[in-house]
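Colleague: can you look at this prediction? I've put the sequence above it.
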Amino acid sequence: MQEWSSRAGLVATAVLLAGCAMTGGGGEARRPPVSVADEVTAVQRDMLLGTWRCRELNPYPGVPKASRTITFDKDGTVVAEMLTEDDPRYGAIQGTSRGLWSVEGDRLVMDKMKLEAKAAEGNTDPFTGVLTGLTTTIANTLMRDQQASTSEVLKLSRHELVFRTVVADPPVVACTRRSANGNGGQGGRERRRASPAPGTRSPPRRRVASASATRRHSSPAPVASRPLRP
């Protein structure tokens, strides 16, 4: 039972990322305390648009680390994805939550969320496949019967997002915006040469003569030999 609770908690973390009111660990586990100042009085919807890389600041003890992203689209849809690190006990697990999102004052609201959990690519553990299937069914049943979930947005800028779900023992999730090139805004450092400005031409390259051509053109003129005297 304890092993089941531990594994189910991993998949439920994906739901927490989407702002759904589900517990993440098993038994009497509690999240460690974390304090984040509330700096937001009203959420600007356009500032949420795009894809964010996220992590929990107060995860349940013993839960393996996971990479998470959440994407807010302009049409009001949201996709939250999670991939746990490979664990020798049960391998890697992938979870995807899809639904709708909106803004109400200083809060982020998510509704009609639906979870799909499965064993990550390369994970052939048969128990993990059964577990993720059952977790998907149970989670979607719970989410269907509950109201839209709400999260308090504590920080929001063009590059930073921190929110706390309004539930008992809430997760605090910190996110940074993912750039278009997928490297967290560090693009450009790897480029050795700057691209020319639009509408301009690159300067012509100077041709360097080869060594053989240089020798051929710089050879001294032949000198006529003098006849020998008898």
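Modeller: Everything's here; your move. Residues are numbered from 1 along each chain as shown.
Colleague: from here on, just use CA atoms for contacts and neighbour counts.
Modeller: OK.
Colleague: tally of neighbours for V172?
Modeller: Look at V172: counted by other CA atoms under 10 Å, it has 26 neighbours.
Colleague: where's it relative to L49, distance?
Modeller: Distance, V172 to L49, using CA to CA, to the nearest Å: 20 Å.
Colleague: in CSV, list the C-alpha atoms belonging to whichever helix or strand T69 is part of.
Modeller: For T69, the enclosing helix or strand under DSSP states H and E is strand 66-72. Extracted C-alpha coordinates of strand 66-72, given in CSV (Å, rounded to 0.1, in the frame of the first residue of the first chain):
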residue,chain,number,x,y,z
ALA,A,66,10.7,16.0,-12.4
SER,A,67,10.9,18.4,-15.3
ARG,A,68,7.7,20.4,-15.9
THR,A,69,6.4,22.8,-18.4
ILE,A,70,3.1,24.7,-18.7
THR,A,71,1.8,26.5,-21.8
PHE,A,72,-0.9,29.2,-21.7
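Colleague: which other helices and strands contact it?
Modeller: With contacts taken as 3 or more CA pairs under 8 Å, 6 or more residues apart in numbering; DSSP states H and E, strand 66-72 sits against strand 50-56, strand 77-84.
Colleague: for the ones you listed, which one sits closest to K65?
Modeller: Nearest to K65, of all these, is strand 77-84, at 6.0 Å by CA to CA.
Colleague: now do the buried residues in the helix or strand following the closest one.
Modeller: Downstream of strand 77-84, the first helix or strand assigned by DSSP H and E is strand 93-104. Under the neighbour-count criterion of 16 or more other CA atoms under 10 Å, strand 93-104 has I93, Q94, G95, T96, S97, R98, G99, L100, W101, V103 buried.
Colleague: okay, who's weakest in those by pLDDT?
Modeller: Least confident of the buried residues of strand 93-104 in the model: I93, at 86.
Colleague: my guess is that residue contacts A119. True?
Modeller: Yes. If you go by CA atoms under 8 Å, I93 and A119 touch, sitting 4.7 Å apart.
Colleague: got any residues that touch both of those two?
Modeller: In terms of CA atoms under 8 Å, 6 or more residues apart in numbering, I93 and A119 are both contacted by the residues T128.
Colleague: which stretches in the protein count as helices?
Modeller: Per DSSP state H, the chain carries helices over the ranges 2-17, 45-48, 126-145, 211-218.
Colleague: of these, which shows the lowest average pLDDT?
Modeller: For the helices of the chain, the weakest mean pLDDT is recorded on helix 2-17, namely a mean of 41.
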